[in-house]
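*Asks:* This is a predicted model, with the sequence first.
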Amino acid sequence: MTQIHGHDVLHMMLASGKTYTKATLVADIIEKFGRNTKFNTCSAADMTADELVAFLEARGKFKVQAGGFQTSKAVICQH
């Protein structure tokens, strides 16, 4: 099973330039990384796409915009 770091998802969001909802973000994550991919971060592991989105939201990694949210470089740790 493939493991992808949450930073890769945040970078995908930045590169897309899209404004997301939770549903559209999960759909794009699954499209790019695959349905069976698991995700990890600096403090959590073995998450589904839905769990990762909830995790990132709870950690304040999204900035609300009209119609949804996006992220910013400032919230992505640089390690």
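*Replies:* Received, thanks. Numbers count the residues shown, from 1 in each chain.
*Asks:* Chain neighbours aside, what residue packs nearest to Lys73?
*Replies:* Counting by CB to CB, 6 or more residues apart in numbering, Lys73 lies nearest to Leu14, which is 6.7 Å off, once chain neighbours are set aside. Placement of C-beta: from N, CA and C, glycine included.
*Asks:* secondary structure element for the one you found?
*Replies:* Element membership of Leu14 [criterion: DSSP states H and E] is helix 6-16.
*Asks:* For that helix, list every residue counted as buried.
*Replies:* Neighbour counts over helix 6-16 (16 or more other CB atoms under 10 Å) mark 6-7, 9-10, 12-13 as buried.
*Asks:* Need the per-residue pLDDT for Cys77.
*Replies:* If you check Cys77, the pLDDT there is 79.
*Asks:* Would you point out the helix or strand in this protein whose mean pLDDT is lowest?
*Replies:* Using mean pLDDT, DSSP states H and E, the weakest-scoring helix or strand in the chain turns out to be strand 63-65, at a mean of 92.
*Asks:* In space, what's closest to the residue sitting nearest the centre point of the chain - neighbours in sequence excluded?
*Replies:* The residue lying closest to the centre of the chain (CA atoms, centre = their mean) is Val9, at 4.1 Å. Nearest non-adjacent residue to Val9, counting by CB to CB, 6+ apart: Ile29, 5.9 Å away.
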